[in-house]
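*Asks:* Predicted model, plus sequence, below.
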Amino acid sequence: MGIIIALTAIAGICGIIHRWLLERDNKRLARLENESVPLSESDLRKLQKTADMEGIDIATARQLQKGYRFMI
């Protein structure tokens, strides 16, 4: 019985952490969508990685990510 309670608690904690991570990523994606906001170094690196994988420039990679959100 104790194992079931422990596993349920772990699943709940993992669910809360997952929700927090998705909310954080959605905020980052919203910041990338706003073209008037200057990008940080980490945002530029992520966009450059996306651009390199897709074979496009950074501006196109930024538009590629517009409108994408994780469902919570």
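*Replies:* Received the coordinates, thanks. Numbering: from 1, shown residues only.

*Asks:* what about Arg31, neighbour count?
*Replies:* Applying other CB atoms under 10 Å, we find 13 other residues in the vicinity of Arg31. For the C-beta atoms, the positions are set from N, CA and C on the backbone; glycine is no exception.

*Asks:* my read: it touches Val37, true?
*Replies:* Yes: contact criterion CB atoms under 8 Å: Arg31 and Val37 qualify, at 5.7 Å.

*Asks:* Give me the contacts around stretch 23-41.
*Replies:* With contacts defined as CB atoms under 8 Å, 6 or more residues apart in numbering, stretch 23-41 is touched by Asp43, Leu47, Arg62, Gln65, Lys66, Gly67, Tyr68, Arg69, Phe70, Ile72.

*Asks:* Tell me the most packed of the residues you listed, by neighbour count.
*Replies:* Counting neighbours by other CB under 10 Å, the top entry in the contacts of stretch 23-41 is Leu47, with 20 neighbours.

*Asks:* Secondary structure element holding that residue?
*Replies:* Leu47 belongs to helix 41-54 when assigned by DSSP states H and E.

*Asks:* Following that helix in sequence, what is the next regular element?
*Replies:* Using DSSP H and E, the helix or strand that follows helix 41-54 in sequence is helix 58-64.

*Asks:* ok, residues contacting that next one?
*Replies:* Leu32, Glu35, Leu44, Leu47, Gln48, Thr50, Ala51, Glu54, Ile56.
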